[in-house]
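**Q** Please work out how this folds:
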Amino acid sequence: MRGRRRFRTTAAAVALLCVAALPGCSAETGGPGGVARPAAATPKPTPPPTPKPTSLWNPSPGSLAAVGDSITRAFDACSVLADCPEASWATGTDAGVNSLALRLFGPAGAAGRSWNLARTGARMAELPGQMAAAAARRPELVTVMMGANDACRARPEQMTPVEEFRASFRDSLARLRAGAPKAQVYVSSLPDLKRLWATGRVSPTGRQVWSLGVCGSMLAAPEDLSPAAEERRTRVRDRVVAYNRVLREVCAKDARCRYDGGAVFGFRFEGGQLSPWDWFHPSRDGQARLAEIAYRRISAR
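**A** Okay, here's the model as predicted:
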């Protein structure tokens, strides 16, 4: 009797301790001596997977407006001293170039769903107006290639200051957002003007045309390899690098903007990819390379 009473007392005490102090414990007893067994731990529920953020970028936009300067107008690509928009890397209809518009919309849609609003000779200060005109079209994509003329002045002293360049580009995106808040923007880097000089200076035709005043800050006296001439060219190249940094930084603050990552700046234009009339602007082949670079970046998911 005393043994059974002692056993019941022990079991009761264990149960009391479990309730009072060990919420994960069970009052069930088992095994020799009636030692209490802990209850099986309750498995923790598996948290639901965190959804990946939805990208705002559509790799297949349905319409396109191109803004910029002579490169987007395909100046000197088809004939001397003339625009050739049908060969434009952005909106052209020339099958040999296979423009961005042709790649996105096909031959039937390229003409009706793309607009070339660029102007030969334009500088960054003009871009806000071009962007406002683009916004009025309500495009799903706007391509931007602007700034080479800000560096290509008669003398380096005339180049657009970097902060003015930044203010104009920032204002340009604001103007677009005011009229077309959901338009995507592809921003091309500026080409390496010093590399263009190195490629074209071997051509007698190129040197002759350049002497008429093409991009004097970089291309004047193309055969002069003196320290002063090299310093001048390096100064222009550094300004282009600074402009590209502005394009990258301002674009990065807009969720619907993509910069090309410096792809055009890094592209090595060969002789056949430069205009045979000025050895500076892209030829049809050069325009095709620009279209490839843009399509690769725009269509990436």
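**Q** is it true that residue 104 touches residue 58?
**A** No. If you go by CB atoms under 8 Å, residue 104 and residue 58 don't touch, sitting 10.8 Å apart. Glycine gets a C-beta too; all of them are placed from N, C-alpha and C.
**Q** Pick out whichever of those two has more residues nearby.
**A** The residue with the greater number of neighbours, taking residue 104 and residue 58 and applying other CB atoms under 10 Å, is residue 104; the counts read 23 against 14.
**Q** Retrieve the pLDDT associated with the more buried one.
**A** At residue 104, the pLDDT value in this model is 98.
**Q** in this structure, which residue is closest to the centre?
**A** Taking CA atoms, centre = their mean as the criterion, residue 259 is the residue nearest the geometric centre of the chain, at 1.6 Å.
**Q** hang on, that one packs against residue 189?
**A** Yes. Here residue 259 lies in contact with residue 189, judged by CB under 8 Å, at a distance of 7.1 Å.
**Q** Which neighbours do the two have in common?
**A** 247, 248 (CB atoms under 8 Å, 6 or more residues apart in numbering).
**Q** quick one: residue 279 and residue 198 touch, right?
**A** No. At 11.4 Å, residue 279 and residue 198 do not qualify as touching, with contact defined as CB under 8 Å.
**Q** Neighbour count for the two, which is higher?
**A** The neighbour count for residue 279 versus residue 198, taken as other CB under 10 Å, is higher for residue 279 (28 against 13).
**Q** gap between that one and residue 150?
**A** Between residue 279 and residue 150 the distance is 21 Å, computed by CB to CB, to the nearest Å.
**Q** And the helices in the protein?
**A** Taking DSSP state H, the helices of the chain run over residues 2-21, 100-110, 127-136, 148-151, 162-179, 193-200, 204-210, 216-219, 227-252, 263-266, 284-299.
**Q** Let's have those in CSV, adding distance to residue 66.
**A** Shown next, in CSV, are the helices of the chain (distance: least, CB to CB, whole Å):
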stretch, distance to residue 66
helix 2-21, 75
helix 100-110, 8
helix 127-136, 8
helix 148-151, 15
helix 162-179, 13
helix 193-200, 21
helix 204-210, 26
helix 216-219, 25
helix 227-252, 16
helix 263-266, 14
helix 284-299, 10
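**Q** Which one of the ones you listed lies nearest to residue 72?
**A** Taking CB to CB, helix 284-299 is the member of those nearest to residue 72, at 8.9 Å.
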